[in-house]
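# Only the shape, not the letters, is given here:
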C-alpha cells in the first residue's frame, strides 16, 4: 500500500507538500467555510508581511518560509479544521498566496495571509483505504504547527505520502473541483 513512486513523482515536480490546520482567530463557521473552499489561512498577526527576517517567533518564521515555498513552487496539501470534521486535499499553484480581509472572533476586520487550492476535493466521511491513512497521518501530527511540511511515513505510521495519494484518489473519483471565482 505504501507507494514510494507516488511520493517521488510529486516531489519531482518541485512542489512542496503541506499539512495545514485552519485555526486562526476566526469563528469556527468561518474556518469551516474557508476549508470547504480550499483556503488555508494563518494567524500570527503578521498581516501582509511575509518577510521571515522580521519575525521574533520561530513558528511564525517557519510559517512564513512555508508560505513562500508554496508561492515559489506550488504545493499539494491537506487543510483541515480543528476537530478534523472537514478535510480537504488539493493543489495550490505557484503564486497561490492570498490575503483575506476577515472578521475575527472579536468582530474586528483583519488581514490574514494564506493560500488557495487551484484544484481540491473534500475527503469523504467514513472513508477507508487511503483516506483512513490520511486521517491517521493528520491525527498523529496534531501537536505540530498549524502549517508545516509533514515527515515521511512508515507502513505503521502514515505520513506525507498520504496527501498525494488522497489527491490522486479524489481525482479518480471525480471529486476534485476548482474554486468559485
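Great, that's in hand. A quick note: this is a predicted structure, and the numbers were derived from the prediction, not measured. Numbers count the residues shown, from 1 in each chain.
# From here on, just use CA atoms for contacts and neighbour counts.
Fine.
# Where in the protein is the helix or strand with the lowest mean pLDDT?
The helix or strand of the chain with the lowest confidence, counting by mean pLDDT, DSSP states H and E, is helix 4-12 at a mean of 39.
# now the helix or strand following that helix, how far from the centre of its chain.
Once helix 4-12 ends, the next helix or strand along the chain (criterion: DSSP states H and E) is strand 16-22. Strand 16-22 sits 3 Å away from the centroid of its parent chain (C-alpha atoms, centre = their mean, to the nearest Å).
# Can you tell me the closest non-neighbouring residue to residue 80?
Of all residues not flanking residue 80 in the chain, residue 87 sits nearest, at 4.4 Å (C-alpha to C-alpha, 6 or more residues apart in numbering).
# correct me, but that neighbour touches residue 125?
No: using C-alpha atoms under 8 Å, residue 87 makes no contact with residue 125, being 9.3 Å away.
# Who has more neighbours out of these two?
residue 87 (26 against 11; other C-alpha atoms under 10 Å).
# so who does that one touch?
Residues counted as contacts of residue 87 (C-alpha atoms under 8 Å, 6 or more residues apart in numbering) are 35, 36, 78, 79, 80, 81, 122, 123.
# now those residues in CSV, with neighbour count, distance to residue 171 and secondary structure?
Below are these laid out as CSV (neighbours: other C-alpha atoms under 10 Å; distance: C-alpha to C-alpha, whole Å; DSSP: H, G, I helix; E, B strand; the rest coil):
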residue, neighbour count, distance to residue 171, secondary structure
35, 25, 18, helix
36, 21, 17, helix
78, 32, 14, strand
79, 29, 17, strand
80, 29, 19, strand
81, 22, 22, strand
122, 23, 11, strand
123, 23, 11, coil
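# Now tabulate those residues in TSV and tack on distance to residue 17 and pLDDT.
Formatted as TSV, these follow (distance: C-alpha to C-alpha, whole Å; pLDDT from 0 to 100):
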residue	distance to residue 17	pLDDT
35	17	96
36	19	96
78	8	95
79	11	95
80	14	93
81	18	91
122	17	96
123	17	95
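# and the one helix or strand residue 170 maps to with strand 16-22, angle?
Under the criterion of DSSP H and E, residue 170 resides in helix 162-172. For helix 162-172 against strand 16-22, the angle by axes from the mean of the first three to the mean of the last three C-alpha atoms, to 10 degrees is 90 degrees.
# so where's this structure shaky on pLDDT?
Residue ranges of the chain with pLDDT under 70: 1-15, 181.
# Quick check: beta-bridge partners of the residue lying closest to residue 69 once chain neighbours are set aside?
Nearest non-adjacent residue to residue 69, counting by C-alpha to C-alpha, 6+ apart: residue 16, 6.9 Å away. Per DSSP bridges, the residues bridged to residue 16 are residue 75.
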